[in-house]
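> Sequence and computational prediction follow.
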Amino acid sequence: MARGYLRIFLGAAPGVGKTFDLLEEAHRLVSLGEDVVVGFAMHHGRPDTAALLTGLEPVSSKTIHYRGSDFEEMDIDAVLERRPATAVIDEYAHSNIPGSRNAKRWQDIEELLAAGINVLSTVNIQHLASLGDVVSAITDVRQAETVPDEVVRRADQIELVDITPELLRQRLGAGKIYAPEKVDAALANYFRLGNLTALRELALLWLADRVDEGLARYRAAQGISASWPARERVVVGLTGGPEGELLIRRAARILTRVSGGDLLALHVRPSDGVMEESPAALEAQKRLITDLGGSYHVVAGEEPAVSLLEFARDVNATQIVIGVSRRRGLGRLIAGVGSKVVRDSGDIDVHMVSHSVTTPGGSGPRPRNLSRRRIIIGLLLAILLPALTQLVLNLQPGLSLTTGALIQLAGAVTVALIGGLRPAVLAALWSSLLLNYFMTDPKGTLTINDPQTIVALVVFTAVSAVVAVIVDASARRAQEAARARAEATTLSELTRMAMATDDSLQPLLEQAREVFQVQSAALFTRTNEVDPPPVGSTANRNHPRNTSPAPWRLAAASGGPVPASPNNGQTVEEIDPDTALVLGGRTLSAGERRLLAAFGAQVTAMRARQQLVASNRDNLRLAEGNKMRTSILRAVSHDLRTPLAGIKLGVSSLRQHNVRFSPDEQEELLATIGNYSDRLDLLVGNLLDMSRITSDSVTPLLQPLHWPDILPASLQGIPPDRVRIDLPANMPPVDADPGMLERVIANITENAVKYAPESDIAIVGVVGGEGEATIHGQPASELRIIDHGQGVDSEKTLAMFNPFQRLNDNPSATGIGLGLAVAKGFTEAMGGTLTAEQTPGGGLTMIIRMPLSTGTEQPPFPSTAAAVPQSMLLRRLPSEGLSAQREEPRA
């Protein structure tokens with residue numbers, strides 16, 4: 001029996017329309033005369049989806065009793081008995097209720113496929129097992145229902161159901177996905193714009209990889225080795241030389257002419273590991289290729305040209321970029337990698353980029369790797385070891401010349417391992433003389449009668465010298481590799497420490513002391529300022545000024561004893577004329593000094609960064625102070641004059657003795673005075689608060705606070721019927737100042753009530769984790785204040801937090817535009833953030849994000865929580881319901 005056909009509708013998030021498209025396809029098949037039944041489908045209360053179930057034959061489900069409740073599951077036996085041509089089965093990743101035949105619905109579908117029944121099903125990207133941790137990090141929602149990727153890949157057809165995140169949020173706001181009472185919480189949690197964008201990208205990339213796999217399988221099955229330019233892929237061949245950056249940038253410019261191309265860099269390393277390459281250059285090129293959005297690869301191979309072409313064909317490359325040096329004559333003929341690539345590339349385009357002649361591994365004299373002590377020992381062994389070996393050979397008179405030569409050759413190799421090349425050559429010459437004197441006829445003289453013996457001794461000497469050269473080169477290369485490995489490890493640790501720590505010099509000096517095994521490490525600085533004239537002297541043109549350099553000052557140190565100045569240190573690395581890195585305890589070698597220079601460069605970068613940050617901070621503070629002073633003067637001259645004039649008018653009217661006011665008129669004047677006094681108090685309070693914020697004199701008293709405990713005081717004066725509060729029951733406390741946080745919420749809520757007079761205000765709580773609700777990577781808690789008023793344009797959301805900003809810059813509006821500026825300043829002073837985004841369907845959403853408390857959690861104060869008016873609908877959702885809602889978002 002032929003296996004059934006599986007078609008899966010893949011979606012990036014709930015509500016994109018997978019089930020809708022699934023049922024539309026079922027209707028299309030029915031119209032073509034195919035026998036189609038609905039094995040199981042969920043419309044989730046959506047009228048449009050429910051309407052599509054009409055006209056399709058359903059297969060009755062079965063009821064399973066589990067833990068005191070009844071659950072509906074697909075009746076697989078009923079579907080098998082009905083034996084339709086195609087079965088519609090929703091939710092491919094669904095977990096069956098315990099007691100079912102299979103644990104997962106996809107296993108039920110496998111039985112139907114094995115029975116020859118075609119199946120149409122749906123799955124969301126978050127249910128794929130390989131993406132579970134990625135989706136959890138993005139959305140902060142753990143997926144309980146997953147399906148192995150391999151099972152989904154086996155589908156005969158995968159169709160992506162895709163809509164833009166903005167349109168999906170509009171559909172959610174219009175109530176087409178969830179019930180109206182769940183919309184605000186969903187928009188604030190799972191259906192954030194960033195979440196949906198990331199999930200959509202995951203779905204597109206996952207499906208694109210599956211398409212590439214299908215194309216690769218087809219090409220392999222058809223025996224197609226030629227590249228198919230389905231997607232532009234450029235491979236750059238890197239040798240490890242400095243020309244690599246030129247090649248990478250040229251390849252990147254080639255890709256700018258097309259969209260959706262891939263950039264790959266390949267370095268072919270010989271399988272014997274022997275190659276003159278620059279690790280520093282390769283690392284820089286790796287960073288460059290990564291910054292340009294490409295990928296870096298390393299393969300081992302005997303022939304670079306063959307390995308490069310094999311890799312290019314494996315990845316279905318369309319173009320190859322390689323370098324060719326500007327050599328002339330024989331040198332260009334010898335360098336035949338480029339010509340081999342061009343000759344064997346087939347239909348892959350090859351770009352040969354010329355560059356100047358360079359040595360990948362650098363140039364310069366070979367460093368002296370062996371110590372003087374080892375060389376002296378090698379010279380002594382070159383004299384003594386052949387003599388002792390010949391003495392032992394003389395005790396065995398029956399040995400042939402061949403045996404003696406081999407034994408002496410072993411001694412020459414031993415000398416090469418210990419003392420290097422020169423002692424080994426000396427040992428070879430000395431051994432040949434001893435063999436000639438003691439083991440060739442006539443013995444006891446250096447005369448040789450047999451010409452073959454002369455040839456044997458010459459060959460022995462040559463072989464000994466060649467072996468000594470090879471052994472010496474291998475020993476030197478091993479030492480160079482060990483030193484390079486140690487330096488690379490040190491530089492890697494130095495880079496990691498620079499990225500992981502702040503700009504403090506102390507950890508850097510501690511690492512320097514540990515790496516170089518010295519007693520102390522210190523950084524000295526000085527400022528070359530001209531000394532002023534002595535006190536009491538007349539500073540005139542003829543007075544001599546002291547222009548000697550300023551004394552050294554200790555900036556940071558680690559270990560001890562610390563040298564008093566750079567002149568007292570054993571090793572001094574002069575970073576610049578006014579900065580010196582000093583090590584005490586021992587003198588470093590030339591190789592270690594090269595590594596010490598890297599530490600000096602890191603010190604320079606740290607100090608420059610510190611100075612830049614300090615300068616920017618000072619400049620910003622001065623600019624903000626100047627701007628604030630100007631704005632305050634403008635506010636005092638205009639906005640404060642209005643309430644003062646109103647108060648003065650009311651008081652002057654009441655003090656007039658020749659005018660009689662009725663009780664109602666007196667009450668109206670008193671109310672006017674009170675209203676203007678309150679307005680004046682609010683304006684002055686905001687001005688003082690803004691002045692404190694700009695002068696960095698705000699010092700919050702942080703303590704653990706629960707959102708429900710701070711809301712009652714914040715919402716005083718707000719009509720209870722205007723505010724709806726929706727807070728989860730499991731919201732942990734946050735670290736905040738009670739007075740400041742109360743002022744922040746009050747300012748934002750009053751602003752929402754003022755500019756959204758026809759809209760209810762929703763206050764929604766969100767618990768953070770690894771998703772978006774974080775501050776500097778740490779878990780945080782959010783309070784979202786949502787209105788559905790006229791809103792603010794997205795390009796103006798940042799500007800509205802500036803002081804003295806009113807909506808649409810309306811000069812007739814009450815207030816001077818400091819409410820949101822004060823709220824943002826207080827929030828940031830407490831270590832939180834205040835941002836804004838557009839509410840789907842119109843309006844503005846203000847997001848207060850505060851770090852979770854690190855202290856002892858305090859229980860909510862019952863008396864304060866009880867003060868929340870019941871009409872504001874302050875409710876804590878049951879933890880079970882919340883967990884189920886956050887773990888199981890389904891279409």
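It's in. Numbers count the residues shown, from 1 in each chain.
> What distance do you get for E758 to D787?
10 Å (C-beta to C-beta, to the nearest Å). Any C-beta I mention is one placed from the backbone N, CA and C, and that applies to glycine too.
> Kindly report the same for A387.
Taking C-beta to C-beta, one finds A387 at 100 Å from D787.
> ok, these two, which is more surrounded?
D787 (26 against 12; other C-beta atoms under 10 Å).
> so R422 sits in a helix?
Yes: assessed by DSSP: H, G, I helix; E, B strand; the rest coil, R422 belongs to a helix.
> How about stretch 701-716, which residues are buried there?
702, 704-715 (16 or more other C-beta atoms under 10 Å).
> gap between it and the chain center?
35 Å (C-alpha atoms, centre = their mean, to the nearest Å).
> gap between the two ends of that stretch?
23 Å (C-alpha to C-alpha, to the nearest Å).
> quick revisit: same list, the buried residues of stretch 701-716, but as TSV with pLDDT, secondary structure and distance to L202 please.
Below are these laid out as TSV (pLDDT from 0 to 100; DSSP: H, G, I helix; E, B strand; the rest coil; distance: C-beta to C-beta, whole Å):
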residue	pLDDT	secondary structure	distance to L202
L702	86	coil	38
P704	90	strand	37
L705	90	strand	36
H706	89	coil	35
W707	89	helix	32
P708	88	helix	36
D709	88	helix	39
I710	87	helix	37
L711	89	helix	37
P712	86	helix	42
A713	82	helix	43
S714	84	helix	39
L715	86	coil	40
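> Which one of the residues you listed is nearest to S136?
W707 (24.5 Å; C-beta to C-beta).
> Near the closest residue to H94 other than its chain neighbours, how many other residues are there?
Distances taken as C-beta to C-beta, 6 or more residues apart in numbering put R105 closest to H94, at 4.1 Å, once the chain neighbours are dropped. Per other C-beta under 10 Å, the neighbour tally for R105 reads 26.
> contacting residues around R105?
By C-beta atoms under 8 Å, 6 or more residues apart in numbering, the contact list for R105 reads F40, M74, I89, E91, Y92, A93, H94, S95, N96.
> mind checking how far it is from G404?
Taken as C-beta to C-beta, the span from R105 to G404 is 83 Å.
> The residue lying closest to L401 once chain neighbours are set aside and W430, how far apart?
Closest residue to L401 apart from its sequence neighbours, by C-beta to C-beta, 6+ apart: M439 at 5.2 Å. From M439 across to W430, the span is 14 Å (C-beta to C-beta).
> what kind of secondary structure is M846 in?
Assignment for M846 (three-state DSSP): strand.
> what about stretch 74-91, start to end distance?
One end of stretch 74-91 sits 11 Å from the other (C-alpha to C-alpha).
> what's the neighbour count on L620?
10.
> Please apply the same query to A129.
With other C-beta under 10 Å as criterion, A129 counts 15.
> What segments of the stretch 251-400 of the chain are helices?
Under the criterion DSSP state H, counting those that start in this stretch, the stretch 251-400 of the chain contains helices at 279-291, 304-314, 330-334, 337-344, 372-394.
> Of all the ones you listed, which one is nearest G842?
helix 279-291 (40.0 Å).
> in the closest one, what counts as buried?
A281, L282, Q285, K286, L288, I289.
> now stretch 70-87
F71, E73, M74, D75, I76, V79, L80, R82, P84, T86, A87.
> so what's the fourth one up against?
For D75, the residues meeting the contact criterion (C-beta under 8 Å, 6+ apart) are V59, S60, S61, K62.
> For G841, state which of the buried residues of stretch 701-716 is nearest.
For the buried residues of stretch 701-716, the nearest to G841 is L715 (23.9 Å; C-beta to C-beta).
> can you list the weak-confidence ranges in the stretch 1-150 of the chain?
Residues of the stretch 1-150 of the chain that meet the criterion pLDDT under 70 lie in 1.
> if you go through it in chain order, where are the strands?
6-11, 36-40, 57-58, 62-66, 69-73, 86-89, 118-124 (DSSP state E, counting those that start in this stretch).
> what's the closest of those strands to A155?
strand 6-11 (4.5 Å).
> pLDDT for the buried residues of helix 279-291 - can I get that in a markdown table?
Below are the buried residues of helix 279-291 laid out as a markdown table (pLDDT from 0 to 100):
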| residue | pLDDT |
| --- | --- |
| A281 | 79 |
| L282 | 82 |
| Q285 | 88 |
| K286 | 88 |
| L288 | 89 |
| I289 | 89 |
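> Nearest to Q396 among those?
Out of the buried residues of helix 279-291, the member with the shortest distance to Q396 (by C-beta to C-beta) is L282, at 55.0 Å.
> Where does pLDDT dip in the stretch 251-400 of the chain?
259-260, 270-278, 300, 302, 326-336, 356-371.
> With distance to P304 as new columns, can the strands of the stretch 1-150 of the chain be given to me in CSV?
Compiled in CSV, the strands of the stretch 1-150 of the chain are given as follows (distance: least, C-beta to C-beta, whole Å):
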stretch, distance to P304
strand 6-11, 41
strand 36-40, 57
strand 57-58, 64
strand 62-66, 64
strand 69-73, 60
strand 86-89, 53
strand 118-124, 45
